[in-house]
Structure formats: structure tokens, C-alpha cells
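> Sequence and predicted structure below; questions after.
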Amino acid sequence: MIAACGTDPGEPPPGPDPSIEGTPVSTFESTSCSTADVLALSIQIAEEVNCMLPGQLVEFEEGNGIVFAGGAVLPYLGEGARDDLYAAAAANPGVDVEVTSAFRTVVQQYLLRRWFELGRCGITAAAEPGQSNHETGRALDVSNFAAWVGTFADHGWDHSVPGDPVHFDHLASADIRGADVLAFQRLWNRNAPDDTIDEDGNFGPATADRVKLAPAEGFGIGGCLD
């Protein structure tokens, strides 16, 4: 009788329900200057990229000479870029790599672009969503870049983007630009089955409209690692 009151062991536990309820990303166009406000949603997008492209986007950690400067760092890179970051940090002990940005999702890039267009937050340049180097999985911004240019060069990190001295690219790693857009489209369709959009990896008007509406706290059903 006790067993009869429990869940049937042959049935999987109930999963989360689809939902797009929450604070719309567009809210932060005029109220914020930090992409940390959409970090929960961005983590879901990164998880979905990991589902689509296993091994192309891996997490890296603070410690052993690496620190995150600010709360907006989404700590993912390609595996080779991650390994060469660790190697560079180990080669220059006593100086921290102060990471301000690594992988960036389409929702983060959307906000940065809007702040740039609106003349807010001191942003002097921002690529269109879907086009940023930070959406490739092989880019890193380092606030104390001057201390790392030589060591990073010795470990495969390029430092040649004009007008962006904090920026480094690991050119040997795969460029997965557009995967974050496709991941967002898949997440949206999973959570809004009555309002689906094309899953093509392109940041077109339909995708832009849904990015504005997407919940900053994350969808009801997240990335595949959920």
C-alpha cells in the first residue's frame, strides 16, 4: 500500500513546463549597463550550444592565475582556447589574467548593440548580434591586457583587433559564430510552440523580436544539460 502511494518507478519524473514568462530582455535596454542581467538566459543558450556541438564550448574556471572582473563573465571557450588560456596563466605566475568577457550570447550582444545605438553605457562600438567575435567561442577580453600580450602570443592568442586593445582571439579554435543564435531559436521554439521561428542561425527580424521578449531569468525548459 505504501508503494502504491509513490511514483511509478517505471515512469520518468515530471520535467519542467515550457514557459517564456519573466522579465523581457528589452527591459534592460534603458535600465541597465550590465549583461549580467541576462546571465541566466545566456547560460541556457551556452548549454544548448554544448548540446548541438559537443566539445566545441567548454567551461573554464577562476583560480590558478585567472580571475573574473565583474559579474557578467560567461566562462566558456573552445577547448583549445581554454587549454591555452590555462597554459598562458601558468607561464606568468604572480600576475592574474583579469577576464572581463569570454563567450557572449546573442542576447548579451543584442543589449550591447542597443546600448551603443542609444548612446548609453559608454559603449563606443558593438557588432550586430550574431556577428561578434565573442560569439565564436574563441575570444577573450582581458582588462590588464598589457601584462599579457607577449605571453598570450606564445600560447596561440592573437592581439590584432584595431581599437580594441583588451581583445584577444584564439585563431586555431573553431569559429562557431551563429551557433548561439540557433541555440536561442531552438530554446524559443521549445518554450513557445505556438509562436515558432525558423531555426536557421541567422539573426533576422523574427529572431530579434523574440530576443526582446525572452525572459532574462531563463526559459521554463532550458538547454539540453537541464
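Here it is on my side, so go on.
> Flag the helix or strand of the chain with the lowest per-element mean pLDDT.
For the chain, counting by mean pLDDT, DSSP states H and E, strand 58-59 ranks last in confidence among helices and strands (a mean of 92).
> helices or strands next to it in the packing?
On a contact count with 3 or more Cβ pairs under 8 Å, 6 or more residues apart in numbering; DSSP states H and E, strand 58-59 meets strand 76-77, helix 79-91. From N, CA and C alone the C-beta is placed, and that goes for glycine too.
> Return the list of strands paired to it, each annotated with direction.
In the sheet containing strand 58-59, the strands it pairs with under DSSP bridges are strand 76-77 (antiparallel).
> next one: the partner strand to chain centre, how far?
Its chain's C-alpha centre and that of strand 76-77 lie 8 Å apart, by Cα atoms, centre = their mean, to the nearest Å.
> go on, stretch 27-34?
The gap between the average C-alpha position of stretch 27-34 and the chain average comes to 17 Å, counting by Cα atoms, centre = their mean.
> swap in stretch 42-58?
Mean C-alpha position of stretch 42-58 versus that of the full chain (Cα atoms, centre = their mean) differs by 9 Å.
> mind listing the strands for this protein?
Assignment of strands within the chain using DSSP state E yields the ranges 58-59, 66-68, 76-77, 97-101, 139-142, 167-169.
> could you dump those strands to TSV with distance to Gly223?
Formatted as TSV, the entries for those read as follows, by distance: least, Cβ to Cβ, whole Å:
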stretch	distance to Gly223
strand 58-59	13
strand 66-68	21
strand 76-77	12
strand 97-101	20
strand 139-142	21
strand 167-169	25
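> Alright, calling it a day.
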